[in-house]
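Visitor: Show me the folded form of this:
(one chain, ligands or ions: 1)
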Amino acid sequence: MNQFVDTDIAIIGAGIAGTSIARELSKYDLSVIVIERKNGIGLEGTATNHHLVCQGGDSLTFRPGTLHAELNIKSIPLWPKLAEDLNFKFRRIGGLWLIRDNVDFNKFQKMYSRAFKSSLDPKSPYLIPEGSFIPLKFIDRKELKDLEPEISDEFIGALYDPNLATVDPPEVAKAYAENAKANGVNFLFNTEIKKINKVLDKFELISDKISIRSKVVINAAGIEADKIAELVKARDFSYVPFKGTIVELDDELGEKIKHEVLVLPRGSSHMQVIAPTVDNKLLAGIHLEMSYRSNREVKDYAVKHAINVSKKFFPKIQFEKHITRSFTGFMAMTNPDTGWHDFVIGMPDLVPYWINIVLGPAGVSASPYLGKKVVELLHKFGINLVEKKNFSNVRKEVES
Ligand SMILES: Cc1cc2nc3c(=O)[nH]c(=O)nc-3n(C[C@H](O)[C@H](O)[C@H](O)COP(=O)(O)OP(=O)(O)OC[C@H]3O[C@@H](n4cnc5c(N)ncnc54)[C@H](O)[C@@H]3O)c2cc1C
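Guide: You can find the predicted model right below:
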């Protein structure tokens with residue numbers, strides 16, 4: 001017979017969303033359990049992405065008024081201190097948005113002025129504190145060559161964002177989790193939630209070996225969040241799974257290419273980007289396609305896309321010789337038809353005390369503020385949270 005456990009808050013999923021929320025909740029007097037079907041932390045979407053932390057240009061261009069923009073912009077100033085507190089690698093690489101001609105230049109000018117309005121103008125909705133953001137600047141061909149000597153002559157300059165950073169997302173998720181564990185959060189691995197009942201005022205989450213009864217449930221199951229919400233009729237959102245393919249290149253090339261380099265795609269929906277990682281490798285891609293989420297196969301055409309993009313930027317480098325691996329990941333796109341993605345962070349009207357989380361693009365970048373947003377939501381719905389007096393920042397191992 002199944003073992004029973006009671007808790008105040010249960011979080012389904014130990015990706016970047018579940019672990020960052022767990023860490024924030026560990027600041028309060030609550031019992032919290034994180035339930036993960038895999039045997040470790042951050043092994044799904046958190047492990048299969050481009051590792052970029054939007055620190056400037058990218059997040060400033062997100063649509064004002066969305067949670068996507070709010071969480072990313074509010075996370076910008078939190079990252080450096082978080083990396084210090086939780087002792088994970090946080091590397092500022094800077095981004096170069098390449099300019100081929102006046103069409104690119106005009107587009108970037110428009111994006112930059114919108115960015116200014118959304119978070120740098122003192123009247124903007126989410127003002128970034130002074131000192132945590134270096135303004136972007138346009139650079140000419142000579143300055144571009146100084147930063148990336150092997151860049152193609154095709155590009156006449158770039159919009160330079162010195163803020164952009166990279167992290168190792170599974171390492172960050174592990175850091176959140178270890179700190180949450182040190183502050184009393186419990187983790188259950190190899191535990192897949194398959195069924196959910198409502199028993200009086202609690203949800204009963206059922207796996208093959210254990211049943212967890214909890215007043216509040218946070219559904220942070222990543223690309224499976226829709227299926228989990230369906231189990232309790234709490235799906236008030238929809239998304240399309242997008243498959244992204246990324247190629248990893250060795251650290252020999254990481255010695256040559258030091259910045260994120262990207263160009264705006266023309267006549268194609270695939271991203272064209274290459275960027276260093278914290279351990280000096282490079283990630284290139286991203287071939288994007290709508291697909292069944294069970295289809296994780298790496299296709300030759302998607303690898304070819306990453307190599308062609310890299311060669312377009314750096315024609316003299318033989319990228320094929322430096323491939324270490326290729327992988328696919330899935331992101332949840334909530335508005336693929338308009339292109340304006342937004343996160344889902346909410347309690348469905350008909351299912352109180354159930355919170356759905358869907359991140360999708362830039363979800364890692366938004367994680368420092370995510371838990372705070374969930375705390376705001378719990379307060380709004382009358383859940384009394386009392387701060388612990390002995391919250392500590394010490395990390396301890398939680399995986400076994
Ligand atoms: C190609 C690509 C590139 C990207 N690049 C970036 C980038 O550069 N920067 C950035 O900020 N973001 C990027 N993203 C987005 C980012 O990867 C996601 O927003 C983020 O990883 C989502 O984290 P999550 O915790 O919601 O999901 P996951 O990390 O997938 O976590 C969900 C967890 O829930 C568990 N789970 C699911 N079902 C159950 C169940 N029934 N029972 C128990 N556990 C369950 C899963 O095993 C998993 O561990 C990219 C995404 C893709 C696809």
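Visitor: pretty sure Ile218 is touching Asp8, no?
Guide: No - judged on CB atoms under 8 Å, Ile218 makes no contact with Asp8 at a distance of 11.3 Å. (Glycine included, C-beta is placed from N, CA and C.)
Visitor: Which one's more surrounded, those two?
Guide: Neighbours were counted for Ile218 and for Asp8 using other CB atoms under 10 Å; Ile218 has more, 28 against 16.
Visitor: show me what contacts the closest residue to Ala175 other than its chain neighbours?
Guide: The spatially closest residue to Ala175, leaving aside those adjacent along the chain, is Leu86, at 3.8 Å (CB to CB, 6 or more residues apart in numbering). Residues in contact with Leu86, defined by CB atoms under 8 Å, 6 or more residues apart in numbering, are Val172, Ala175, Tyr176, Glu178, Asn179, Asn393, Arg395.
Visitor: Look up how far Leu67 lies from the closest residue to the ligand within the stretch 301-400 of the chain.
Guide: Closest to the ligand within the stretch 301-400 of the chain is Gly363: 2.0 Å, counting by CB to the nearest ligand atom. Using CB to CB, to the nearest Å, Gly363 is found at 11 Å from Leu67.
Visitor: Kindly report the same for Glu204.
Guide: 29 Å.
Visitor: and the stretch 301-400 of the chain, which residues reach the ligand?
Guide: Taking CB under 6 Å from any ligand atom as the criterion, the stretch 301-400 of the chain approaches the ligand at residues Gly329, Phe330, Met331, Leu359, Gly360, Pro361, Ala362, Gly363, Val364, Ser365.
Visitor: and if we set it to 8 Å?
Guide: Residues of the stretch 301-400 of the chain lying near the ligand by CB under 8 Å from any ligand atom: 328-332, 357-367.
Visitor: what's the closest of these to Gly13?
Guide: Closest approach to Gly13 among those (CB to CB): Ile357, at 8.2 Å.
Visitor: Any idea what that closest one is bridged to?
Guide: Beta-bridge partners of Ile357, counted by DSSP bridges, are Ile345.
Visitor: Make sure it is actually in contact with Glu224.
Guide: No - look at Ile357 against Glu224 with CB under 8 Å: they stay out of range, at 11.7 Å.
Visitor: which one of these two has more residues nearby?
Guide: Neighbour totals were compared for Ile357 and Glu224, and Ile357 leads with 26 against 21 (other CB under 10 Å).
Visitor: Which pLDDT does the model give the more buried one?
Guide: Per-residue pLDDT puts Ile357 at 98.
Visitor: So which bits of the stretch 51-200 of the chain are right by the ligand?
Guide: His51, Leu52, Val53, Cys54, Pro169, Ala173, Thr191, Glu192, Ile193, Lys194.
Visitor: Tell me which residues touch the residue nearest to Gly346 when sequence neighbours are not counted, please.
Guide: Excluding the flanking residues, the one nearest Gly346 by CB to CB, 6+ apart is Asn356, at 6.0 Å. Going by CB under 8 Å, 6+ apart, Asn356 touches Asn219, Ala225, Ala229, Ala234, Arg235, Asp236, Phe237, Val344, Ile345, Gly346, Met347, Pro348.
Visitor: Kindly report the same for Met333.
Guide: Residues in contact with Met333 (CB under 8 Å, 6+ apart) are Tyr239, Val240, Pro241, Phe242, His341, Gly360, Pro361.
Visitor: just the strands in the stretch 101-250 of the chain please.
Guide: For the stretch 101-250 of the chain, the strands defined by DSSP state E, counting those that start in this stretch cover 137-140, 157-161, 165-166, 186-188, 195-199, 202-206, 210-219, 240-249.
Visitor: Can you list the strands that the shortest one pairs with?
Guide: This points to strand 165-166. Paired strands of strand 165-166, with direction, are strand 52-53 (antiparallel), strand 91-92 (antiparallel) (DSSP bridges).
Visitor: Relative to the whole chain's centre, how far out is that strand?
Guide: 12 Å (CA atoms, centre = their mean, to the nearest Å).
Visitor: contact partners of that strand?
Guide: Strand 165-166 has contacts (CB under 8 Å, 6+ apart) with 51-53, 55, 79, 90-93, 260, 275-278.
Visitor: ok, and the most crowded of those residues?
Guide: Neighbour count (other CB under 10 Å) singles out Gln55 as the most crowded of those, with 30 neighbours.
Visitor: Give me the local confidence score for that one.
Guide: Per-residue pLDDT puts Gln55 at 85.
Visitor: which ones are touching the nearest residue to it once chain neighbours are set aside?
Guide: The shortest distance from Gln55 to any non-neighbouring residue, by CB to CB, 6+ apart, is to Asn163 (3.9 Å). Neighbouring residues of Asn163 by CB under 8 Å, 6+ apart: Gln55, Gly56, Gly57, Ile76, Arg92, Gly94, Gly95, Phe133, Ile134.
Visitor: now for those, which pair is the farthest apart?
Guide: Spatial extent of the contacts of Asn163 (CB to CB) is set by the pair Ile76 and Gly94 at 14.7 Å.
Visitor: That concludes my questions; thank you for your assistance.
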